[in-house]
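Chemist: With the input below, show me the fold.
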Amino acid sequence: MSRLLLRKLALLIVLVPTLHFLGAWYAYRQQGFFYPPKEVSTQTGNGFNVSYEFDDRPFMTHYRGVLAAMVDGDLGRIERTKVAEYIDDFILRSAQLLGVAFLATIVLGLGMCLLAISPRTGRVSPTMVTIFTLGNAIPGFFLGTLLVLGLLYAKRSGWTNQLLLPVQGYSTSKHLILPALTLTLRPAFYIASIGASLLEHEFQQDYVRVAKSKGLRWRTIVRRHAIPNVAPAVFASLGRGLQMVVGSLILVEALFDWRGTGWMLFNTLTNSRSITFFNPLILALLLAMTGAILILVDLLASMLSLWINPLGRQASAGRG
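Modeler: Here you go, the predicted structure:
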């Protein structure tokens, strides 16, 4: 486990600064400056003429200054507002959305995994195979779009007087339901399909037949024998599923206008009217944060998988 931890931490140390540098470099190439242009007033015969001065120093000169300021705890400014103060609310909203989506992914994925197995045959039911295939094939944001269209159609057809759920915004807890559900569905289908196939294979083993012949109840076989054997692989798939949640955050927040860091990153790259449009400070920070979250989620899932696997713990202890 110590080697795994060291490898992931080394990846974190290398990848996060690399993403920060590439984000700042790309934005600088597109926009050409790190800080907002300075407003300069010059007096003319007709009054004052306002113009703007752009800082045309080389990129590395800017970047070294940014790193030095970050060491002192200064992330820079957007106009007159500190970046740290500007981005606080966006981080909080994304944390709320990710927290709900993570929990729902785990519960829904593991729940569908257990429900997919037929107690009589020990195999995945054909209906659930079809559902898993469709769920894994359709992108998450497309599922979200279908949910939105379904709600709009229900209102337009007169089935409901108003939308059952708000499709955009972030002001109330109801606004959280659709984006969280959209983030959850595809990763949950992925986890459920992996776990169900592992359980199906486990239920065809001889020890399960022996346990059935001794009269053990189905729930007892599942809880005491099958689940402990497949748990390490399921936890590994759980890490991949949670990474899929983080990877879909940008499109889902943009689709539902959920004002989090994903929405901010989308606007930074696409909305020329936004004050963060190709802002190197913001783009570098958001890319670094996203990379760090992906690595930390993978590290947590890998450590849980190794910890819950007795063979993995023994092998790790032997290497130590």
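
Chemist: can you tell me which residues contact the residue nearest the centre of the chain?
Modeler: By Cα atoms, centre = their mean, the mean C-alpha position of the chain lies nearest to residue 246, the distance being 0.8 Å. Residues in contact with residue 246 (Cβ atoms under 8 Å, 6 or more residues apart in numbering) are 98, 290, 293, 294, 297. The way it works is simple: take the backbone N, C-alpha and C, and place the C-beta from them, glycine included.

Chemist: Now name the helix or strand holding the third one.
Modeler: This points to residue 293. In the assignment (DSSP states H and E), residue 293 maps to helix 280-308.

Chemist: so who does residue 242 touch?
Modeler: 102, 105, 187, 297, 301.

Chemist: now swap in residue 204 and tell me
Modeler: residue 122.

Chemist: gap between it and residue 217?
Modeler: 19 Å (Cβ to Cβ, to the nearest Å).

Chemist: before we move on, what about residue 18?
Modeler: Counting by Cβ to Cβ, the gap from residue 18 to residue 217 is 53 Å.

Chemist: go on, residue 291?
Modeler: For residue 291, the distance to residue 217 - Cβ to Cβ - is 47 Å.

Chemist: and if you look at residue 232?
Modeler: Applying Cβ to Cβ to residue 232 and residue 217 gives a distance of 25 Å.

Chemist: same deal with residue 8?
Modeler: 40 Å.

Chemist: Low-confidence ranges, the protein, go.
Modeler: 1, 32-56, 308-320 (pLDDT under 70).

Chemist: Can you show me the helices along it?
Modeler: 2-31, 59-71, 83-115, 126-137, 140-156, 177-203, 206-213, 218-221, 227-247, 249-256, 261-270, 280-308, 310-319 (DSSP state H).

Chemist: would you turn those helices into a markdown table with distance to residue 164?
Modeler: Listed next are those as a markdown table, based on distance: least, Cβ to Cβ, whole Å:
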| stretch | distance to residue 164 |
| --- | --- |
| helix 2-31 | 39 |
| helix 59-71 | 45 |
| helix 83-115 | 18 |
| helix 126-137 | 22 |
| helix 140-156 | 6 |
| helix 177-203 | 10 |
| helix 206-213 | 44 |
| helix 218-221 | 36 |
| helix 227-247 | 24 |
| helix 249-256 | 15 |
| helix 261-270 | 23 |
| helix 280-308 | 31 |
| helix 310-319 | 46 |
